[in-house]
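Student: Fold the stuff below for me.
(one chain, ligands or ions: 1)
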Amino acid sequence: MTPLFDQILRQIRSTGPITIADYMTLALTHPDHGYYTTRDPLGADFTTAPEISQMFGELLGLSLAGAWMEAGAPSPVALAELGPGRGTLMADALRATAKVPGFHAAARLHLVEVSPTLRAAQAKALTGWSPTWSHHVTDLPDAPLFLIANEVFDALPIRQFLRDGAGWRERVVGANGDALVFGLTDAAPIAGLGDAGAQDGALVQTCAAAKAIMGEIARRIATHGGAALIIDYGDAKVTGDTFQAIQNGQKADPLSAPGAADLTAHVDFGALSRVAKAEGAAVHGPVAQGTLLHRLGIDLRTRALAKTANDPGAIETAYPRLTDPAQMGHLFKGIAVTHPERPAPPGFAP
Ligand code: SAH
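Tutor: Predicted coordinates:
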């Protein structure tokens with residue numbers, strides 16, 4: 001039983017069931033007991049692509065710098081990362097782009113991060129860069145924006161709705177004795193969910209936070225120029241229930257240990273693309289991570305690093321983990337959001 005479990009149980013007993021989104025927000029980012037607030041989960045519960053190999057941050061950093069050159073090398077620009085974890089991706093991206101003329105001189109580093117624990121890790125990884133931290137993308141400066149986000153949108157709070165006759169029943173978190181349990185609200189029509197094709201029993205997931213954040217990023221890029229590279233697991237269309245928990249590296253019951261388990265859902269890249277386009281930006285992809293990394297030259301980079309690395313074996317095992325369709329190569333995908341007059345950044349188009 002986690003401290004947060006008791007707190008949520010008491011809240012539900014006194015004021016009724018809560019949405020999955022409210023539950024996720026408490027479990028992940030509660031100021032005292034949230035999963036990301038209290039720990040660095042990387043390596044313990046899950047490992048992300050930048051933590052598997054330096055090649056990931058290097059290649060995506062070069063793609064972002066390529067987009068900056070395509071945009072006419074503007075200066076100054078906000079070089080930003082959303083949810084930077086340990087800061088590994090950005091450190092690798094900065095090392096790889098050191099020789100891109102003018103890029104570092106133009107870049108002001110901005111990190112959007114909610115977790116104090118991870119902010120401290122980022123400060124260590126990025127000493128010398130004097131990053132500015134903020135809680136929200138709305139706090140970024142009004143300047144051309146070159147942003148990257150890896151495995152962040154999957155952590156944003158979702159809601160789930162089940163089709164029932166002419167209406168929808170929301171899947172909510174309630175209490176049964178001393179347990180947290182899923183329940184369903186009464187059926188009601190819900191504007192905006194639409195009903196095209198939804199059959200009785202169909203489950204639809206929505207993520208208002210993802211739409212708000214994507215909308216804000218796209219609006220800034222359409223207004224000031226720039227590019228955003230967003231990588232995560234998901235698809236152009238996500239169907240069904242993808243809400244899941246990982247605790248100690250294993251799949252777990254999402255309601256059993258709020259604050260001690262990672263909670264995620266697959267990213268609906270189609271929904272993100274529609275929001276970005278509605279703000280006047282262009283969207284490229286989704287492209288499978290394997291394809292993206294092959295296009296960016298991971299094969300050459302693997303061979304070059306294997307010759308000089310202290311541990312060439314680590315490089316050789318990282319390559320299939322990142323690119324193989326049976327590992328991260330197919331489930332993970334990337335989209336690039338750019339100013340409408342700019343081409344796809346390197347890797348995001350054939
Ligand atoms: N991008 C890193 C870390 C991924 S873990 C990597 O690839 O290794 C998810 C990251 O997103 C963590 O840094 C977490 O603290 C952050 N995060 C979670 N919810 C967030 C939110 N609502 N806004 C900003 N960052 C968030």
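Student: Go through stretch 219-229 and flag the buried ones.
Tutor: If you call a residue buried by 16 or more other Cβ atoms under 10 Å, then stretch 219-229 has these buried ones: 219, 220, 221, 222, 224, 225, 226, 227, 228, 229. For every residue, glycine as well, the C-beta is placed using N, CA and C.
Student: tell me how far the ends of that stretch are from each other?
Tutor: 15 Å (Cα to Cα, to the nearest Å).
Student: Could you confirm whether that stretch reaches the ligand?
Tutor: No: applying Cβ under 6 Å from any ligand atom, one finds stretch 219-229 separated from the ligand by no less than 11.6 Å.
Student: Return the distance of that stretch from the chain's centre.
Tutor: Distance, stretch centre to chain centre, for stretch 219-229: 17 Å (Cα atoms, centre = their mean, to the nearest Å).
Student: Next: stretch 285-301.
Tutor: Chain-centre distance of stretch 285-301: 18 Å, with Cα atoms, centre = their mean.
Student: Name the residues that touch that stretch?
Tutor: Residues outside stretch 285-301 that contact it (Cβ atoms under 8 Å, 6 or more residues apart in numbering) are 49, 55-56, 58-60, 62-63, 231, 234-236, 269, 319, 322-325, 328-336, 344, 346-348, 350.
Student: Write out the residues of the stretch 101-250 of the chain neighbouring the ligand.
Tutor: Neighbours of the ligand within the stretch 101-250 of the chain, by Cβ under 6 Å from any ligand atom: 112, 113, 114, 115, 118, 150, 151, 152, 155, 156.
Student: ranking those by neighbours, who comes first?
Tutor: Neighbour counts for these (other Cβ atoms under 10 Å) peak at residue 150, which has 26 neighbours.
Student: nearest spatial neighbour of that residue, skipping sequence neighbours?
Tutor: Once flanking residues are discounted, residue 150 sits nearest to residue 231: 4.7 Å by Cβ to Cβ, 6 or more residues apart in numbering.
Student: Can you report phi and psi for the spatially most distant residue from the centre of the chain?
Tutor: Here the centre of the chain is the reference, and by Cα atoms, centre = their mean the most remote residue is residue 177, at 35.1 Å. Per-residue torsions, residue 177: phi 60, psi -120 (degrees, to the nearest 10).
Student: now it: how far from the ligand?
Tutor: From residue 177 across to the ligand, the span is 31 Å (Cβ to the nearest ligand atom, to the nearest Å).
Student: That'll do, ta.
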